[in-house]
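Novice: what follows is a predicted structure for the sequence shown.
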Amino acid sequence: MTILFAGLAAVLVVSSLMVILHKNPVTSALFLVLAFCSLAGIYLTLQAEFIGMVQVIVYAGAIMVLFLFVIMYLNLGRDVETGIQIAVRRGLGWIVGAVLLAEGAVMFGRRWGLGPVTPGPSRPPVGNTQALGQILYSRYLFPFEVTSMVLLVAMVGAIVITRGQERARRESMGTRAGARGPGGRPPRTHAEEAVAEPGLAPAAAGEPEEQASVAGSARP
Amino acid sequence: MIPASWSLLLSAVVFTIGVIGVLVRRNAIVIFMSVELMLNSGNLAFVAFARQLNSLDGQVFVFFVMTVAAAEVAVGLAIIVNLFRLRESVFVDEINLLKG
């Protein structure tokens, strides 16, 4: 058990270091997946089976897919980090990190956690997941329900943030095209007019018009 | 039986790596990954203390931290995507819209 813990801890530390040292964001994200998986193994050695499984499902599954999706959507290449200012900041960052690590080692290594395991209240002889579910739905019921609210608000917020910008850009583009007058717009065919004019489906009609105005502004 | 101080030491090391990542890197997405590392080191400390004190409350808190982390990642990555549309860059030192 000790050897397993030490191996997983070594993998965790090395992969976390690779996350912050590697220049390519995609490689950083993949090393972060490795770090999360080894952390799930550490949770298993600490007898937190449910947390370990949730770690793999939520972090290594959902969150990292979101990270990789955004990195590839933005098409990021390798970071260029040169210059005297960045070198100074990097040196300061490592110094601050070393001081913080020394503090943490002094505090965590000496003060706590050296005694034997507290006996505690006698737990019913059920599995970790079942015991966690019982405590989650009895004593922590209200925070658990608030959690669902947090997730709902985050979902709505993410959609509003990404969609609102698009709508504002489309509106500004529409006013710019309208202010430019009828001469600057390429002539439309009768079929396009018939689709766009009735105004019954503005979302469907706005799409080709925006593309037409983009094409018209690209080639004045 | 692993001493709890080992887990806490490992938690401190991972948290420090996260702090260094936030301070050193200039790519906003990598900074986000470093924040995730720090949240995970907090989770590791929670689980270590739950094991030491023989109580499940720490694992319940890990559950809540994971929920908040998921929400934070969704909103934060939406902000980064929006910022990239606006400035064509995800480097935090090139983003100075609020600078007076």
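Specialist: Looks like it came in fine.
Novice: now do the contacts for the residue nearest to residue A:68 when sequence neighbours are not counted.
Specialist: Nearest-residue entry for residue A:68: residue A:29, 5.3 Å, with adjacent residues in sequence omitted and distances by CB to CB, 6 or more residues apart in numbering or on different chains. (Each C-beta comes from the backbone N, C-alpha and C, glycine too.) Residues near residue A:29 by CB atoms under 8 Å, 6 or more residues apart in numbering or on different chains: A:64, A:67, A:68, A:71, B:33.
Novice: can you map out the helices along the chain?
Specialist: This is for chain A. A:2-21, A:25-45, A:49-54, A:64-74, A:84-110, A:128-138, A:141-179, A:190-196, A:202-218 (DSSP state H).
Novice: that's the other chain; I wanted chain B
Specialist: Secondary structure of chain B by DSSP H: the helices cover B:4-24, B:28-52, B:57-87.
Novice: residue A:46 against residue B:54, yeah?
Specialist: No - with contact defined as CB atoms under 8 Å, residue A:46 does not reach residue B:54; the gap is 11.9 Å.
Novice: so which of these two has more stuff around it?
Specialist: Applying other CB atoms under 10 Å in any protein chain shown to residue A:46 and residue B:54 shows that residue A:46 carries more neighbours, namely 21 against 14.
Novice: how about the contacts made by the more buried one?
Specialist: The contact partners of residue A:46, by CB under 8 Å, 6+ apart, come to B:2, B:7, B:47, B:48, B:50, B:51.
Novice: just give the nearest non-adjacent residue to the first one, would you?
Specialist: Read it as residue B:2. In space, residue B:2 is closest to residue A:5, 5.1 Å off (CB to CB, 6+ apart).
Novice: distance of residue A:173 from residue B:85?
Specialist: As judged by CB to CB, to the nearest Å, residue A:173 and residue B:85 stand 13 Å apart.
Novice: who's more crowded, those two?
Specialist: When neighbours are counted by other CB under 10 Å, residue A:173 comes out ahead of the other of residue A:173 and residue B:85, with 16 against 13.
Novice: tally of neighbours for residue B:57?
Specialist: For residue B:57, the count of nearby residues is 14 (other CB under 10 Å).
Novice: my guess is it contacts residue B:50. True?
Specialist: Yes - the pair residue B:57 / residue B:50 is scored as a contact, 6.8 Å apart, by CB under 8 Å.
Novice: between those two, what contacts are shared?
Specialist: With CB under 8 Å, 6+ apart, residue B:57 and residue B:50 have no common neighbours.
Novice: from the contacts of residue A:46, which has minimum pLDDT?
Specialist: Ranked by pLDDT, those bottom out at residue B:2, which scores 75.
Novice: count the neighbours of it for me.
Specialist: Residue B:2: 17 neighbours (other CB under 10 Å).
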